[in-house]
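>>> Kindly return the folded structure for what I paste below:
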Amino acid sequence: MKMSNPGLLVLTGGDDVAVARGDIAKGQQLFADGLSVTALADIPAGHKIALRAVAQGQLVRKYGQSIGQASAALHPGDHVHVHNLQMPQTSSNHTLANVYQPTVQDDGGARFAGYVRADGRVGTRNYIGVISSVNCSATVCKQIAAAFDAGYLRDYPNVDGVVAITHDSGCGMGAKGEGIEILKRTLRGYADHVNFAGVLVIGLGCEVNQLAPLMEQLAERNAVLKAGLVIQDAGGTRETVQRGKELVNAMLDQVNSQQRSSVSASHLTVGLQCGGSDGYSGITANPALGAAVDLLVRHGGTAILSETPEIYGAEHLLTARAASAQIADKLMGRIHWWEAYVRQHDGDMNNNPSPGNKAGGITTILEKSLGAVAKAGSTGLMAVYEYGETVQRKGLVFMDTPGYDPVSATGQVAGGANLICFTTGRGSTYGCKPTPSLKVATNTRLFERMALDMDFNAGTIVDGEESVIEAGARLFALMLTTASGGKTCSEENGLGDNEFVPWQIGAVM
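The predicted structure follows:
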């Protein structure tokens, strides 16, 4: 990234466009990449300005990669956005030689204070979960959890809370097939999540998604720290709520007895998210998170990159780092699945940049994807997982999820993520229980405007105050502090009780 002019950022020498560091006025003289241009229009901060002439129909380059093709001739100084830049007529077929190299492990001793469970896994939080098998038991779960508010738990300082994990599915669907399998996998992942010290699972009784498989997932747990209730067998709503309160109450002493202890950073599994992206996302927050991920992987930890529609057009940068041809093929298989899935529903892969993304300066999914992949850092791609599948491989892995943040993060948590790092340029307030979610702002203006929602300011990079590597080291330190119990802004604001959103796929009947 070159900061050759206070007003412009050139991400790779030879790019056709630069990014405005601040608002640019029409007629303003600018210099970048050895060129002088005059702004031909007012250009908002984070948006693109043409440095070079590009003929209509020709590809436009940013990050040293194609981000689309000119739908009209571009002249130096033009504002480059949806009015003159579009997706190519045919999808790109990038190929790169494989550059995978094993990561050299660091014995520097990065550590955090976590809850070591009986099976050796380590939690970053200490919750009790009340999980519904079906929407019909959701209200019962919420009423049970609501009884254990902060006042009730005052005498249990090591209990982070009692969380109702509810959803709007579980029945009215096929008893076999992709839809029910995804839901079962997701609920099993939450029931067995390391941040849940105790779990109560509640069903109605007649639903397609029966309770038994969820209870099987809890087989290895201490008998006091697991329980299941069926409303129809318990005698009804009020009876189930009362019995549920008694069961949770019986767990509190043992959950509260858990103590944090110092453990290696290798026990961290971090879900990587970006939402409300803007033109700075691929310049500041995502690369800084990528630098932090490199440190995490070097210390033996795991990072989960996801949001398959948001790596579309940049997948070649991941397959080139795959540890094997089979891993690369599996990733491409998911890309092809999404292409077919979108066609089946008369969709468009370029539909992904949201109105907020576009307002922030992102024009095409190719541009968004190139910036989003920066979250993954530079280490090898070690595995590809289905949605909600348990992540077992260390290092950088990929999980197939939609781009919708709550659905994507739900899959990552089901897979075992005990920390979420979430970059945002427009301002997301996402919270996630039982997993803490760090919000990383792409620009200082956002960080200051939403100070009570943003945990980390990556805008210091574009402000010229620190490098990507320096910001990444600072973010990695914050990740360790948060894993040790440091509260995130979303936790302080009480977010995270309503963000469990499993991916629904298939017919609702």
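
>>> Do a quick rundown of the helices in the stretch 401-509 of the chain.
Assigned by DSSP state H, counting those that start in this stretch, the stretch 401-509 of the chain shows helices spanning 405-415, 444-449, 459-462, 468-483, 489-492.

>>> Phi and psi next, for the residue lying closest to V19 once chain neighbours are set aside.
In this structure, V19 finds its nearest non-sequential neighbour in L9, 4.4 Å apart by Cβ to Cβ, 6 or more residues apart in numbering. C-beta: built from backbone N, CA, C; applies to glycine. The phi and psi values for L9, taken as degrees, to the nearest 10, are phi -120, psi 130.

>>> before we move on, what about V37?
V37 adopts backbone torsions of phi -130, psi 150, taken as degrees, to the nearest 10.

>>> most tightly surrounded among the helices of the stretch 401-509 of the chain?
Mean neighbour count (mean count of other Cβ atoms under 10 Å) peaks for helix 405-415 among the helices of the stretch 401-509 of the chain, with a mean of 26.

>>> And that helix, what does it pack against?
The contact analysis (3 or more Cβ pairs under 8 Å, 6 or more residues apart in numbering; DSSP states H and E) places helix 405-415 against helix 178-191, strand 269-274, strand 395-399, strand 419-424.

>>> run the last query once more with 6 Å
helix 178-191, strand 269-274 (3 or more Cβ pairs under 6 Å, 6 or more residues apart in numbering; DSSP states H and E).

>>> Okay, angle between the first one and helix 405-415 too, please.
Computed with axes from the mean of the first three to the mean of the last three Cα atoms, to 10 degrees, the direction of helix 178-191 lies at 60 degrees from that of helix 405-415.

>>> Residues in contact with whatever helix or strand comes next after helix 178-191: which ones?
Following helix 178-191 in sequence order, the next helix or strand is strand 196-203 (DSSP states H and E). By Cβ atoms under 6 Å, 6 or more residues apart in numbering, the surrounding residues in contact with strand 196-203 are 126-133, 137, 140-141, 191, 211, 214, 225-230, 244, 247-248, 251, 255, 258, 434.

>>> Sort out for me which of those are in helices.
140-141, 191, 214, 244, 247-248, 251, 255 (DSSP state H).

>>> Considering the residues you listed, which member attains the minimum pLDDT?
Across these, the smallest pLDDT goes to L214, namely 88.

>>> doesn't A191 make contact with that residue?
Yes - in this structure, L214 is within contact of A191 by Cβ atoms under 6 Å, at 5.3 Å.

>>> hang on, S281 in a strand?
No - using DSSP: H, G, I helix; E, B strand; the rest coil, the assignment for S281 is coil, not a strand.

>>> and the chain, what are its domains?
Split into domains by automatic domain parsing, the chain comes to 2-86, 112-261, 266-492.

>>> I'd like the average pLDDT over stretch 486-493.
Rounded mean pLDDT across stretch 486-493 is 98.

>>> Name all residues that make contact with Q65.
Applying Cβ under 6 Å, 6+ apart, the residues near Q65 are L370.

>>> Who does it form a beta bridge with?
Taking DSSP bridges as the rule, Q65 bridges to K62.

>>> That one and A291: what is the separation?
Distance of Q65 to A291, given as Cβ to Cβ, to the nearest Å: 20 Å.

>>> For burial, what's the neighbour tally of G172?
13 (other Cβ atoms under 10 Å).

>>> Which one, of the helices of the stretch 401-509 of the chain, ends up nearest to P102?
Minimum separation from P102 across these (Cβ to Cβ) falls at helix 468-483, 20.4 Å.

>>> Using PDB, write down the CA coordinates of the closest one.
Only the C-alpha atoms of helix 468-483 are listed here, as PDB (Å, rounded to 0.1, in the frame of the first residue of the first chain):
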ATOM      1  CA  VAL A 468      -0.600  -3.000   9.300                       C
ATOM      2  CA  ILE A 469       1.800  -5.300  11.200                       C
ATOM      3  CA  GLU A 470       1.800  -3.000  14.200                       C
ATOM      4  CA  ALA A 471      -2.000  -2.800  14.200                       C
ATOM      5  CA  GLY A 472      -2.100  -6.600  13.900                       C
ATOM      6  CA  ALA A 473       0.100  -7.100  16.900                       C
ATOM      7  CA  ARG A 474      -2.100  -4.700  18.900                       C
ATOM      8  CA  LEU A 475      -5.200  -6.600  17.800                       C
ATOM      9  CA  PHE A 476      -3.700 -10.000  18.700                       C
ATOM     10  CA  ALA A 477      -2.900  -8.600  22.200                       C
ATOM     11  CA  LEU A 478      -6.600  -7.500  22.500                       C
ATOM     12  CA  MET A 479      -7.700 -11.000  21.400                       C
ATOM     13  CA  LEU A 480      -5.800 -12.500  24.300                       C
ATOM     14  CA  THR A 481      -7.100 -10.000  26.800                       C
ATOM     15  CA  THR A 482     -10.700 -10.600  25.600                       C
ATOM     16  CA  ALA A 483     -10.200 -14.400  25.800                       C
END
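
>>> how far does that helix sit from the chain's center?
17 Å (Cα atoms, centre = their mean, to the nearest Å).

>>> again with stretch 324-337
With Cα atoms, centre = their mean, you get 20 Å for stretch 324-337.

>>> Now do it: everything it contacts.
By Cβ under 6 Å, 6+ apart, stretch 324-337 touches 308, 315, 319, 322, 381, 384, 400.

>>> thought the fourth one was touching T379?
This points to A322. No - using Cβ under 6 Å, A322 makes no contact with T379, being 11.4 Å away.

>>> in the stretch 1-150 of the chain, which spans are helices?
Along the stretch 1-150 of the chain, counting by DSSP H, counting those that start in this stretch, helices occupy 138-146.

>>> where does it dip in pLDDT?
1-6, 89-95 (pLDDT under 70).

>>> let's see it at 90
Within the stretch 1-150 of the chain, the stretches with pLDDT under 90 are 1-7, 11, 87-97, 106-109.

>>> where exactly do the strands run in it?
2-5, 8-10, 17-20, 29-32, 35-38, 48-50, 59-62, 65-70, 79-80, 85-86, 111-116, 122-123, 127-132 (DSSP state E, counting those that start in this stretch).

>>> Let me have those in JSON lines, extended by distance to A164.
Converted to JSON lines, the strands of the stretch 1-150 of the chain look like this (distance: least, Cβ to Cβ, whole Å):
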{"stretch": "strand 2-5", "distance to A164": "48"}
{"stretch": "strand 8-10", "distance to A164": "45"}
{"stretch": "strand 17-20", "distance to A164": "43"}
{"stretch": "strand 29-32", "distance to A164": "52"}
{"stretch": "strand 35-38", "distance to A164": "56"}
{"stretch": "strand 48-50", "distance to A164": "44"}
{"stretch": "strand 59-62", "distance to A164": "44"}
{"stretch": "strand 65-70", "distance to A164": "43"}
{"stretch": "strand 79-80", "distance to A164": "47"}
{"stretch": "strand 85-86", "distance to A164": "45"}
{"stretch": "strand 111-116", "distance to A164": "21"}
{"stretch": "strand 122-123", "distance to A164": "19"}
{"stretch": "strand 127-132", "distance to A164": "5"}
